[in-house]
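# 3D model of this:
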Amino acid sequence: MNIATPSGVFEEIELKLALPNADAAALAQCLGRTPLLARRKPKRQLLRNVYYDTPEQVLRQQRISLRLRQVGGADPQWLQTLKTGGSSDSALSQRGEWETAVTGAALSLPALEGTPWSRIDPDGVLFAALAPCFVTTFERTTWLVRRRDRSCVEVALDIGQIEANGNTTPLCELEFELKEGLPEALFVVAKTIAASVAVMPMSQSKAQRGYAVAQGTLHAPQQAQPVALSAERELSRVARLVLREMWSQFTTNLQALRGSDATEIVHQARVGWRRFRSGLRLFKPLLRESALPAWEALRPLLALLGETRDLDVARTQTLPALGPVYGCADRRRERAWKRMLEVLADSARDKRRALRQELEMPSVGASLLGITQWLECGFAAPAMAAVKASPQVSLRGWSLRRISKLRRRLRLAQRAASPEQNDHRTRILAKRLRYGMEALRPLLPKRRTQVWYRQATELQSSIGSKRDLLQASALVSKFDLDRGLQEFLRGLTLGKSGVTPLSN
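Coordinates of the predicted model:
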């Protein structure tokens with residue numbers, strides 16, 4: 001069932017959550033026992049979906065998906081579905097959807113009449129070039145939840161796999177589809193389940209993951225993505241778009257962490273969180289602080305991310321270059337150095353195991369879901385005291401003032417009396433300035449911000465290099481390793497050069 005908008009477009013409104021605990025049987029039983037679903041009769045279906053695109057992936061480039069769904073096995077029903085648009089950076093998606101029953105296992109051009117396909121492919125050339133791209137096969141268990149406020153939400157548990165180019169990956173997720181009511185109802189229902197079942201907000205659709213499986217990029221690290229901003233947008237809209245992208249970077253890398261040990265995934269997850277926190281500070285004049293969601297439940301996870309990243313930097317970046325200096329063709333020293341790297345690698349593996357266990361805690365998923373809800377439904381709209389006097393506040397002027405203020409704070413921090421406080425505070429502010437300029441780049445004067453960005457980056461790198469060596473030495477000192485090796489690293493940390501101040 002789709003919701004018809006005032007413009008006549010049929011719209012699917014859906015919240016998608018991953019399930020870190022992939023024990024299918026246990027999940028189905030656990031969900032069925034939750035107070036929300038225990039008295040509702042589940043419905044089960046076997047679904048096989050073939051997604052189509054051209055060899056050049058024209059549909060993917062236009063954020064369109066076209067699939068043929070087989071429902072059931074012995075006497076199947078066939079459904080053809082076209083989906084358009086949709087947010088690629090949020091677990092809550094709102095997409096145009098047109099679904100039509102067809103007679104068999106082949107795409108039907110007549111079934112696309114009355115949809116945007118005629119505008120996408122007016123001469124039928126695109127349709128003629130379509131071919132199967134990937135397949136999803138899963139068992140879907142659904143419960144229909146009707147609430148007292150007259151909203152209606154379909155809860156769907158999908159367990160199966162995605163197949164593409166001979167590769168497969170498990171599929172295990174919850175979908176909450178709005179049948180009646182407002183999108184807030186999706187979060188109300190989801191939070192009830194998240195109280196006892198570990199979940200993770202997931203911004204990638206099945207189609208996006210199918211393409212990723214086909215290309216071997218399913219667990220690729222998610223880096224910061226540019227946000228399309230223009231001076232004509234409302235300030236509150238800009239804030240939401242920027243914060244949503246930052247949050248998506250964090251949660252997408254947490255999702256990738258479950259299936260990969262790549263060091264860059266941990267790095268980008270940590271960067272995503274820091275960008276999000278910096279974004280909250282950047283837009284602080286627009287936000288109701290009392291409305292911000294709590295994230296105390298995330299603190300152990302965030303601490304583990306930091307510890308894992310420190311180990312990764314030490315064992316893969318800082319220390320390898322120093323090995324030949326310490327070894328000097330001395331076999332005993334070389335063995336001690338090799339042993340140290342092995343110990344750090346073992347510790348990093350233990351931290352990753354602990355990270356994955358933390359993601360299976362319901363309290364963590366509930367906190368992630370709460371922040372997602374705030375971004376999508378509880379975000380403070382137009383502005384508060386700082387801008388309410390002028391509803392048409394200049395976005396360019398506001399952006400430059402915020403960035404200029406950050407730069408002034410950075411320059412003041414460099415004048416701190418204590419070198420230790422100087423370095424720590426300066427590095428944090430250099431990152432915030434860089435993140436702020438990256439987020440608001442289309443709204444800032446190009447030449448001036450290029451200079452500021454270069455200065456902030458160089459400053460952060462200079463302090464970071466010193467910090468990485470200090471951190472590596474401190475990590476090694478925690479283990480029962482060769483004393484001479486530890487003294488060697490301590491000696492290297494002495495006499496590290498200072499940091500050059502920002503120029504005017």
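# how about residues contacting stretch 223-235?
Applying C-beta atoms under 8 Å, 6 or more residues apart in numbering, the external contacts of stretch 223-235 come out as 89, 238, 241-242, 245-246, 248-249, 268, 271-272, 275, 286, 382-383, 387, 393-396, 398, 438-443. From N, CA and C alone the C-beta is placed, and that goes for glycine too.
# buried ones in it?
224, 227, 229, 235 (16 or more other C-beta atoms under 10 Å).
# equivalent analysis for stretch 453-463, please.
Here stretch 453-463 shows 453, 455-456, 459-460, 462-463 as buried, counting by 16+ other C-beta under 10 Å.
# wait, what's in contact with Leu47?
Here Leu47 is in contact with 69-71, 136-140, 158, 160 (criterion: C-beta under 8 Å, 6+ apart).
# let's see it at 6 Å
138, 140 (C-beta atoms under 6 Å, 6 or more residues apart in numbering).
# quick check: longest strand of this structure.
The residue-count maximum for a strand in the chain (DSSP state E) belongs to strand 131-146.
# partner strands of the helix or strand that it is followed by, with direction?
Going down the chain from strand 131-146, the next helix or strand is strand 152-164, by DSSP states H and E. Looking at strand 152-164 with DSSP bridges, its partner strands are strand 131-146 (antiparallel), strand 167-180 (antiparallel).
# list the buried ones in the first one?
By that I understand strand 131-146. Neighbour-count burial for strand 131-146 [16+ other C-beta under 10 Å]: 133-138, 140-143, 145.
# now Arg44: how far from Leu15?
21 Å (C-beta to C-beta, to the nearest Å).
# which of those two has more residues huddled nearby?
Neighbour count, other C-beta atoms under 10 Å: between Arg44 and Leu15, Leu15 has more, with 27 against 10.
# residues touching that one, list them.
Leu15 neighbours (C-beta under 6 Å, 6+ apart): 91-92, 176, 186, 190.
# same thing but 10 Å
By C-beta atoms under 10 Å, 6 or more residues apart in numbering, the contact set of Leu15 is 90-93, 153, 155, 174-178, 183, 185-187, 189-190, 201-202, 369, 372-373, 376.
# in PyMOL, select just the buried ones from the residues you listed.
Those of the contacts of Leu15 that count as buried under 16+ other C-beta under 10 Å are selected in PyMOL with:
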select buried, resi 90+91+92+93+153+155+174+175+176+177+178+183+185+186+187+189+190+201+202+369+372+373+376
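# what about Thr251, which helix or strand?
Per DSSP H and E: helix 235-257 holds Thr251.
# give the buried residues for that helix.
For helix 235-257, by 16+ other C-beta under 10 Å, it's 235-236, 238-257.
# now list the buried members of the contacts of stretch 223-235.
89, 238, 241-242, 245-246, 248-249, 268, 271-272, 275, 286, 383, 387, 395, 398, 438-443.
# how about low-confidence regions in this protein?
1-9, 22, 86-88, 288-290, 380-393, 417-422, 495-504 (pLDDT under 70).
# rerun that using 80 as the cut-off
Applying pLDDT under 80 to the chain flags the ranges 1-10, 21-26, 28-29, 73, 85-89, 288-292, 378-393, 416-424, 494-504.
# what ranges do the strands span in it?
3-4, 10-18, 43-53, 64-71, 77-85, 92-102, 131-146, 152-164, 167-180, 200-201.
# okay if I get these as CSV plus distance to Phe488?
Below are the strands of the chain laid out as CSV (distance: least, C-beta to C-beta, whole Å):
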stretch, distance to Phe488
strand 3-4, 66
strand 10-18, 45
strand 43-53, 56
strand 64-71, 57
strand 77-85, 58
strand 92-102, 53
strand 131-146, 52
strand 152-164, 49
strand 167-180, 45
strand 200-201, 43
